[in-house]
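K.L.:
sequence? don't have it. structure:
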């Protein structure tokens, strides 16, 4: 994005500094109350996103089996141009 980015797209100086700080920190994450709280709050969000994204794809796949989906005027298997509407 910005100047000074590496071949992998990361900013060289900031990426190395953050990695070095994380590796030099003697305190593990589970002994830091702020990180435990953050992970505790983010866990339901991550699980909720995973559950709903799988549910959405299941509903769309099941809807494609219905006769109403196959008989629809807008046949989703053959896209139409806007001029045909």
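P.N.:
Perfect, I can see it now. What you see is a predicted model; the values in this text were computed from it and never measured.

K.L.:
lowest-confidence helix or strand of this protein?
P.N.:
helix 67-70 (a mean of 77; mean pLDDT, DSSP states H and E).

K.L.:
residue contacts, residue 51?
P.N.:
By Cβ atoms under 8 Å, 6 or more residues apart in numbering, no residues touch residue 51. All C-beta atoms are positioned from the backbone trio N, CA, C, and that covers glycine.

K.L.:
let me redo that: residue 55
P.N.:
Counting by Cβ under 8 Å, 6+ apart, residue 55 has no contacts.

K.L.:
which SSE is it in?
P.N.:
helix 33-63 (DSSP states H and E).

K.L.:
Tell me how confident the model is about that helix, as a mean pLDDT.
P.N.:
Mean per-residue pLDDT for helix 33-63: 86.

K.L.:
Just the buried residues of the least confident helix or strand of the chain, please?
P.N.:
Residues of helix 67-70 include none that count as buried (16 or more other Cβ atoms under 10 Å).

K.L.:
same check, this time on stretch 36-55
P.N.:
Buried residues in stretch 36-55 (16+ other Cβ under 10 Å): none.

K.L.:
Next, find the distance separating residue 27 from residue 39.
P.N.:
For residue 27, the distance to residue 39 equals 15 Å [Cβ to Cβ, to the nearest Å].

K.L.:
sorry, back to before: the least confident helix or strand of the chain - contacts with which helices or strands?
P.N.:
Helices and strands touching helix 67-70, as assessed by 3 or more Cβ pairs under 8 Å, 6 or more residues apart in numbering; DSSP states H and E, are absent.
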